[in-house]
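*Asks:* compute the structure for the input listed below.
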Amino acid sequence: MHDPNQDVVELMPSEAATQPERPVDLRPWLIAVTMAGIGALIAGHADLAALAALAGLFAIAHAADLDPRRDAAYRAVAWIVPIGSAAMFFFLGWVISTSEYTGRTRALGLLMSGLGGAASIAAAFRPFANELARSLFAVDVPSRVLRLAGRLAILGTLLSVPAGLAFPVAAQQLQENGGSLVGGAGSLWANLAGLVLLAFGGVGFTVRRTWSETTERLGLLRLEPRHALVIVTGVALMLIVNAGAEWVQRTWFPGLWASDQKVNQMIAGNLTRSETLLLGLSAGFGEEIALRGALQPKLGIFRMLAGISDLTDVDTFVREWLGSLLDYDARRKAELVHTLTQYLEHGGNYDATAAELSVHKSTLKYRLQRIRELTGLELNDPDVHFNLQLATRAWGTLQALHDER
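*Replies:* Residues are numbered from 1 along each chain as shown. Okay, here's the model as predicted:
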């Protein structure tokens, strides 16, 4: 029986413009990561080397999403995060088990270390990583970048307790051996540079985005007077949350609170004023921009829609742009909306989209032609492209929200 999905639809002249004008070039990132990594190791800044490697991993993930020919390179290094994080959790568990912690504090630390190690190993498998990314980012089919971001998200979430318990132990040993917790201005600058590098890798600078697109995605915009109120409010809320967290720690985990106070004194007592400001810049700006690069932009539309109680207008917008495709999919059990979503997310790249969908290019071209016929829209028109991408993302987010409510 003839399968219409295998029909070959000739590439339209207007579609040729959607193909990349040049292949994805990873050489800038190869140079940056190599120089930063080698320089950091020579200077004794292991944190910069690790952050640079992670930034390079994001860049490779972006490249593989855009160009399937880069998939082999990504697979060769994708194991680093889950296996490395599992090793980290098991090491933290060992530190806690050999420390002087007792009772609930010890039990909690060992439990979270075990959970973190198990979750890290599970995240190495694609089905688990896909479900994790779907739940975090409200997408139908997660990309390599989102799977990587999901792994880092679960790592950061589960790491807080065991790392918080192990750090005072390691800090005490370091102080007894004459070492420094911070390492001076050089170490602080290295940490800040690594975090900024991670942010740029997270959004695909030079791979997926230009300089202006990168700064816009990271929210590096000109400050305005109205932002002063936001800053003041944010600082006030942060102080309130910090005071509450300290009360909980002091009441329920007095041993941990005493250790943290000792560590804070060890850090603050050895820093000059300029180094204290640099520490704040690294911990504040550096960590914020790194999180924006790795996670925040993709969570934006989900957070916005999750806060709306009445989604009628959003549903109307989605139906306006995708209604004919949704109806067709429901009648024929087809995947035109999913196909369109991946096509738009991959910038109109046929090879990358076909690889992500696991279909032949001829099948993809047939589906896109069917989408044009059903919608009457030209996919390469900038305004149409923008509205369709917004509609497909809103549709994916609405599915996740409807499942939750």
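*Asks:* alpha carbons only for contacts and neighbour counts from here, please
*Replies:* Noted.
*Asks:* which stretches of the stretch 51-200 of the chain have low pLDDT?
*Replies:* Regions of the stretch 51-200 of the chain meeting the criterion pLDDT under 70 cover residues 138-139, 171-172, 174-185.
*Asks:* so which residues of it form helices?
*Replies:* For the stretch 51-200 of the chain, helices defined by DSSP state H, counting those that start in this stretch occupy the ranges 71-77, 80-97, 103-123, 126-137, 144-176, 184-202.
*Asks:* correct me, but residue 314 touches residue 394?
*Replies:* Yes - here residue 314 lies in contact with residue 394, judged by Cα atoms under 8 Å, at a distance of 7.5 Å.
*Asks:* and this protein, what are its domains?
*Replies:* Domain segmentation of the chain under automatic domain parsing yields 27-224+273-300, 308-404.
*Asks:* would you turn those into CSV with mean neighbour count?
*Replies:* Shown next, in CSV, are the domains of the chain (neighbours: other Cα atoms under 10 Å):
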stretch, mean neighbour count
domain 27-224+273-300, 19
domain 308-404, 17
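*Asks:* residue 235: which of these is closest?
*Replies:* The closest of the domains of the chain to residue 235 is domain 27-224+273-300. By Cα to Cα, the value is 11.4 Å.
*Asks:* just to revisit the earlier point, now render the domains of the chain as CSV, adding distance to residue 236.
*Replies:* Putting the domains of the chain into CSV (distance: least, Cα to Cα, whole Å) gives the following:
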stretch, distance to residue 236
domain 27-224+273-300, 15
domain 308-404, 26
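*Asks:* mind checking which of those domains is nearest residue 256?
*Replies:* Using Cα to Cα, the nearest of the domains of the chain to residue 256 is domain 27-224+273-300, at 6.9 Å.
*Asks:* is it possible to export the helices of the stretch 51-200 of the chain to TSV including distance to residue 330?
*Replies:* Below are these laid out as TSV (distance: least, Cα to Cα, whole Å):
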stretch	distance to residue 330
helix 71-77	33
helix 80-97	38
helix 103-123	33
helix 126-137	22
helix 144-176	28
helix 184-202	36
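*Asks:* so which of those helices comes closest to residue 389?
*Replies:* When the helices of the stretch 51-200 of the chain are compared by Cα to Cα, helix 126-137 sits nearest residue 389, at 15.4 Å.
*Asks:* ok now that closest one, how far from the chain's centre?
*Replies:* Centre-to-centre, helix 126-137 and its host chain are 12 Å apart (Cα atoms, centre = their mean, to the nearest Å).
*Asks:* heads up, I number from 763, so please use that
*Replies:* Sure, I'll start counting at 763 from here, so that last one is helix 888-899.
*Asks:* next, the angle from that helix to helix 906-938.
*Replies:* Angle, helix 888-899 to helix 906-938, by axes from the mean of the first three to the mean of the last three Cα atoms, to 10 degrees: 90 degrees.
*Asks:* how about low-confidence regions in the stretch 1013-1162 of the chain?
*Replies:* Low-confidence segments of the stretch 1013-1162 of the chain, defined by pLDDT under 70: 1021-1073, 1159-1162.
*Asks:* can you map out the strands along it?
*Replies:* With strands called from DSSP state E, counting those that start in this stretch, the stretch 1013-1162 of the chain shows none.
*Asks:* what's residue 1121 sitting at in phi/psi?
*Replies:* phi -130, psi 160 (degrees, to the nearest 10).
*Asks:* next: residue 1109.
*Replies:* With angles defined as degrees, to the nearest 10, residue 1109 sits at phi 60, psi 30.
*Asks:* measure it to residue 971 for me?
*Replies:* Note on residue 1109: its distance to residue 971, by Cα to Cα, to the nearest Å, is 11 Å.
*Asks:* likewise residue 1127?
*Replies:* As judged by Cα to Cα, residue 1127 and residue 971 stand 26 Å apart.
*Asks:* what do you get for residue 843?
*Replies:* Separation of residue 843 from residue 971 (Cα to Cα) stands at 24 Å.
*Asks:* the strand or helix carrying residue 798 to helix 946-964, inter-axis angle?
*Replies:* Here residue 798, judged by DSSP states H and E, is contained in helix 789-805. Angle of helix 789-805 versus helix 946-964, following the same axes, to 10 degrees, is 160 degrees.
*Asks:* mind listing the helices for the stretch 963-1112 of the chain?
*Replies:* Along the stretch 963-1112 of the chain, the segments classed as helices by DSSP H, counting those that start in this stretch run 973-979, 989-1014, 1016-1030, 1035-1043, 1049-1056, 1058-1068, 1074-1094, 1098-1107, 1112-1119.
*Asks:* what helices or strands is the second one leaning on?
*Replies:* So that's helix 989-1014. Packing contacts for helix 989-1014, counted by 3 or more Cα pairs under 8 Å, 6 or more residues apart in numbering; DSSP states H and E, involve helix 1016-1030.
*Asks:* try the last one
*Replies:* Where contact means 3+ Cα pairs under 8 Å, 6+ apart, helix 1112-1119 is packed against helix 1098-1107, helix 1123-1137.
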